[in-house]
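Peer 1: sharing a sequence plus its predicted fold:
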Amino acid sequence: MLSPEMKKRLLGYQRDEITEHHIYRLLARLQKNPENRKILERIAEDEKRHYNQWKRYTGEDAQADRSKVRKYYWISRIFGLTFGTRLLERDEERAQKEYSDLYAEIDQAKAIAEEESDHENALLGMLDEERLRYIGSVVLGLNDALVELTGALAGLTLALQNTHLIALTGSITGIAAALSMAASEYLSTKTEGGSQQPLKAAFYTGTTYILTVVFLISPYLLLANYFVALACTLIAAVLIIAFFNFYISVARDQPFKKRFAEMTILSLGVAGLSFLLGLVLRVVLGVEV
């Protein structure tokens, strides 16, 4: 006989399982890739089986959390299937850690926990998504844009001291660099002759670079004070680095802190040196704008 507290707890797990069943089933219906669809359908069935296993103990039905279903549906649509499903798995891992103190009372708890951990992670590792196949091209565009443009904007801020002139110069520099990087990525990918398509690799690199340029240039178009604009640009750079590395840490199951620290130190370090260089050149050359 379950205590009221234990029953309430198992009903919570039961609700989580049926919620995840609906999430995976919904995502499976959206997949054009037949292999991805099969994987998600298998996970959805596993979640439903786990729901029924918990139900044997509670003797009650549980309703899915519709808001959570909508949340992960839109996360997966906007940021990609792999990111959405792995983010969901992170939520599940927290629940799995709680299962260990149920082993003595609930016969099926250990089996469910092991299957949740091993089987579903193995299946999710089989997911195939284009945007992750080209993540190297995205990293190339993002890294170069952050390092080069934050440095250029910091130097231009001291040298020019005019937000619109800085924005114009930075935009020309950024767009030219984006086209150059895209062309280099095209030639590099074509020379390597791997599974990636050169045009797609160039597209991902160039698009990432230009989007980063837009975010970093925006403060200079919206603000009159060039020092405030530079501060906002540096904050925007840190936020971009944080978001991107969180995305990679979830989608690729990689550590977040080390990558975030490396990219932040590199970008801000180059910006600081460029800022000093702009000051030195302005004094040495006697340029006043």
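Peer 2: Looks like it arrived, so ask away. Nothing here was measured: the structure is a model prediction, and the numbers come from that model. Residues are numbered from 1 along each chain as shown.

Peer 1: for stretch 207-215, what is the average pLDDT?
Peer 2: Across stretch 207-215, the average pLDDT comes to 89.

Peer 1: got the contact list for that stretch?
Peer 2: 137-138, 140-142, 144-146, 149, 170-171, 174-175, 177-178, 181-182, 236, 240 (Cβ atoms under 8 Å, 6 or more residues apart in numbering). Every C-beta, even on glycine, is put in place using the N, C-alpha and C of the backbone.

Peer 1: to the chain's geometric centre, what's the distance from that stretch?
Peer 2: 16 Å (Cα atoms, centre = their mean, to the nearest Å).

Peer 1: same thing with stretch 225-234?
Peer 2: Counting by Cα atoms, centre = their mean, stretch 225-234 comes out at 26 Å from the chain centroid.

Peer 1: for that stretch, C-alpha coordinates in CSV please.
Peer 2: What follows is stretch 225-234, C-alpha atoms only, in CSV (Å, rounded to 0.1, in the frame of the first residue of the first chain):
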residue,chain,number,x,y,z
ASN,A,225,27.2,58.1,-27.2
TYR,A,226,29.9,56.0,-28.8
PHE,A,227,31.2,54.7,-25.4
VAL,A,228,27.8,53.5,-24.4
ALA,A,229,27.4,52.0,-27.9
LEU,A,230,30.7,50.1,-27.5
ALA,A,231,29.7,48.9,-24.0
CYS,A,232,26.4,47.6,-25.5
THR,A,233,28.2,45.9,-28.3
LEU,A,234,30.5,44.1,-25.9
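
Peer 1: check contacts around Phe275.
Peer 2: When contacts are taken as Cβ under 8 Å, 6+ apart, Phe275 is in contact with 154-155, 157-158, 230.

Peer 1: residues in contact with Ile75?
Peer 2: 83-84, 87.

Peer 1: count of neighbours near Leu223?
Peer 2: For Leu223, the neighbour count with other Cβ atoms under 10 Å is 16.

Peer 1: what are the phi and psi angles of it?
Peer 2: phi -120, psi 150 (degrees, to the nearest 10).

Peer 1: I figured it hits Cys232, correct?
Peer 2: Yes - in this structure, Leu223 is within contact of Cys232 by Cβ atoms under 8 Å, at 6.7 Å.

Peer 1: tell me, how many residues neighbour Ala224?
Peer 2: By other Cβ under 10 Å, neighbour count at Ala224 equals 10.

Peer 1: hang on, isn't it packed against Gln161?
Peer 2: No - counting by Cβ under 8 Å, Gln161 is not a contact partner of Ala224; they are 11.6 Å apart.
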